[in-house]
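> With the input below, show me the fold.
(one chain, ligands or ions: 1)
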Amino acid sequence: MFESLADQPPDALLALIGLHRADPRPTKLDLGVGVYRDETGVTPIMAAVREAERILLDTRTTKSYLGPEGDPVFVDLLKPIVFGVDPGPRLLGVQTPGGTGALRLGAELIAAARPGARVLIGTPTWPNHAPIFTAAGLTLVPHRFFDVAGQRLDIDALAAALESAGPGDVVLLHGCCHNPTGGDLDRAAWARVAALVRARGILPFVDLAYQGLGEGLDEDAAGVRALFADLGEGLVAYSCDKNFGLYRDRVGALFGLAATPAAAEVMRSNMIALARVNWSMPPDHGAAIVRTVLESATLTSLWRDELLRMGTRVRAVRAALAAADPRLAFLTTQHGMFSTLPIDPARIAALRADHGVYMAGSGRINVAGLQVGDAPAFVAALAAVGW
Ligand code: PLP
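Have a look, this model is predicted:
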């Protein structure tokens, strides 16, 4: 049966983690990691999450099955955080295994409605986006979203892609904290995208995986809120894995805005049917933690404070890097944990071999892998390899 299978390349970032771990140099720096790290260099369990877990341990009476839609209370409590004002019965949501599950479910929903539909996808993007949409049978139509050499958004390329598309086409957008470039649409760009999406009848599919890790919870959702105000149909793949630090617990949701409340119910029934044949029902523990946090005013405010501190730390590292080398000034105009340096593979390899500085082969750096005090050493290593 399986003789015909070709070996698949290992995940390059996971390999990088292994190399970093094996490096004995005490001065090594890890900018390759894909998760938040705090000022002590660990990916913490948030205090609000710990407290919610304690509450769950004490109060849970069963682990019997939920349904394929997951926990509806969890989904309802997220709605105001994501959308601000609840658009009402045209908006529905189901719980998914992480943002990845939400993206896959959304892609399959699109494929069920429109087999082979075209998805406009800006490059560079999170490396899992294209395989997810392709695996669901959709057709990728790439356009340049970000010019890494010039460190600026190519908003005109995005607009041109939208102008060439029409009803039945989809555009994938990062809601905030673009991975891997940190290049987010500003208010004017979101307005331009929203106008084009509406005029051309394109379905927007927003990937919102880092809400709160950029400029703040409301600020990071401003784009998706502007887009969804006065919109006919749209999808949002949401992840709680980063902003609640729940990575391995796999917490997410797929939201859909339908043309009418009746169409929303049809959309929901299709999401449920697709979930049923993929994972039957999503894992409960992480979503129960999020629900427990959001049901409590005290825990919600604790979580918000912790998240605010995380975002503030990321911005402080960006500012420290820019202060250490003016050529890195662009880092302060970008958002979230990631940026992509215009640096060639030979220098990336030399940084690792000669200086113990680890970053992805694409030049993507996770600024949360650094401490403010690491900025001079990082900049010195860049200079030493001739960047
Ligand atoms: N979308 C983007 C842009 C991401 O960077 C990630 C994770 O790295 C995800 C979605 C998926 O997140 P999750 O871990 O919740 O599946």
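
> how many neighbours does L16 have?
20 (other CB atoms under 10 Å). Heads up, the C-betas are built off the backbone N, CA and C, glycines and all.

> Same question for M1.
So M1, with other CB under 10 Å, has 4 neighbours.

> And it, how far from the ligand?
30 Å (CB to the nearest ligand atom, to the nearest Å).

> for F83, same thing?
18 Å.

> Let me see the contact set for that residue.
Residues in contact with F83, defined by CB atoms under 8 Å, 6 or more residues apart in numbering, are L91, A221, V224, R225, F228, F255.

> What's opposite the nearest residue to the first one once chain neighbours are set aside in the beta bridge?
Counting by CB to CB, 6 or more residues apart in numbering, L91 lies nearest to L257, which is 5.3 Å off, once chain neighbours are set aside. Counting by DSSP bridges, L257 forms beta bridges with L91, G234.

> tell me the pLDDT at L257?
Looking at L257, its pLDDT is 98.

> For whatever residue of the chain ends up closest to the ligand, the count of nearby residues, please.
Using CB to the nearest ligand atom, the single residue of the chain nearest to the ligand is G98, 2.9 Å away. By the criterion of other CB under 10 Å, G98 has 26 neighbours.

> How about P261?
12.

> Next, the buried residues of the strand or helix carrying R313.
Taking DSSP states H and E as the definition, R313 sits inside helix 297-324. For helix 297-324, a neighbour-count test (16 or more other CB atoms under 10 Å) marks 299, 302-304, 306-307, 310-311, 313-315, 317-322, 324 as buried.

> Kindly report the same for stretch 100-118.
100-111, 117-118.

> With stretch 82-94 instead?
Buried residues in stretch 82-94, defined by neighbour count with 16+ other CB under 10 Å: V82, F83, P87, R90, L91, L92, G93, V94.

> How about stretch 217-225?
L217, D220, A221, A222, G223, V224, R225.

> residue contacts, the last one?
Translated: R225. Contacts of R225 (CB under 8 Å, 6+ apart): F83, G84.

> Is there contact, residue-wise, from the helix or strand that contains it to the ligand?
Assignment of secondary structure by DSSP H and E places R225 within helix 217-228. No. Helix 217-228 is not in contact with the ligand by CB under 6 Å from any ligand atom; minimum separation 12.7 Å.

> what's the spacing between that helix and its chain's center?
Distance of helix 217-228 from its chain centroid, counting by CA atoms, centre = their mean, to the nearest Å, is 14 Å.

> what is the orientation angle of it with helix 297-324?
90 degrees (axes from the mean of the first three to the mean of the last three CA atoms, to 10 degrees).

> that older thread, which other helices and strands contact the helix holding R313?
helix 47-59, helix 285-295, helix 375-384 (3 or more CB pairs under 8 Å, 6 or more residues apart in numbering; DSSP states H and E).

> just checking, which of those helices sits deepest inside the structure?
Ranked by mean neighbour count, these are led by helix 285-295 with a mean of 23 (mean count of other CB atoms under 10 Å).

> For it, name the packing helices and strands.
Using 3+ CB pairs under 8 Å, 6+ apart, helix 285-295 sits against helix 47-59, helix 72-83, helix 297-324.

> Make CSV out of the ones you listed and add mean pLDDT.
Listed next are the helices and strands packed on helix 285-295 as CSV, based on pLDDT from 0 to 100:
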stretch, mean pLDDT
helix 47-59, 98
helix 72-83, 97
helix 297-324, 98
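
> any chance of these in CSV, with distance to S4 too?
Formatted as CSV, the helices and strands packed on helix 285-295 follow (distance: least, CB to CB, whole Å):
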stretch, distance to S4
helix 47-59, 44
helix 72-83, 41
helix 297-324, 45
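
> what sits against the most centrally placed residue in the chain?
For the chain, the residue nearest the mean C-alpha position is A209 (2.7 Å; CA atoms, centre = their mean). A209 makes contact with G99, H174, G175, C177, N179, A237, Y238, S239, D241, K242, according to CB under 8 Å, 6+ apart.

> so which of those is the most crowded?
Y238 (30 neighbours).

> Surely the residue nearest to L91 touches R90?
Yes. Under the criterion of CB atoms under 8 Å, L257 makes contact with R90 at 5.7 Å.

> Need the residues touching each of these two.
When contacts are counted by CB under 8 Å, 6+ apart, L257 and R90 have A264 as shared neighbours.

> Looking at the buried residues of stretch 82-94, which has the smallest pLDDT value?
P87 (83).

> which among the buried residues of stretch 100-118 are in contact with the ligand?
T100.

> Now the buried residues of stretch 100-118 in a markdown table, please, with extra columns for secondary structure and pLDDT.
Listed next are the buried residues of stretch 100-118 as a markdown table, based on DSSP: H, G, I helix; E, B strand; the rest coil; pLDDT from 0 to 100:
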| residue | secondary structure | pLDDT |
| --- | --- | --- |
| T100 | helix | 98 |
| G101 | helix | 98 |
| A102 | helix | 98 |
| L103 | helix | 98 |
| R104 | helix | 98 |
| L105 | helix | 98 |
| G106 | helix | 98 |
| A107 | helix | 98 |
| E108 | helix | 98 |
| L109 | helix | 98 |
| I110 | helix | 98 |
| A111 | helix | 98 |
| A117 | coil | 98 |
| R118 | strand | 98 |
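
> can you put the buried residues of stretch 100-118 in a markdown table and add distance to A48?
Below are the buried residues of stretch 100-118 laid out as a markdown table (distance: CB to CB, whole Å):
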| residue | distance to A48 |
| --- | --- |
| T100 | 24 |
| G101 | 23 |
| A102 | 22 |
| L103 | 26 |
| R104 | 28 |
| L105 | 27 |
| G106 | 28 |
| A107 | 32 |
| E108 | 33 |
| L109 | 32 |
| I110 | 35 |
| A111 | 37 |
| A117 | 39 |
| R118 | 41 |
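
> Most widely separated two among the buried residues of stretch 100-118?
G101 and R118 (22.8 Å; CB to CB).
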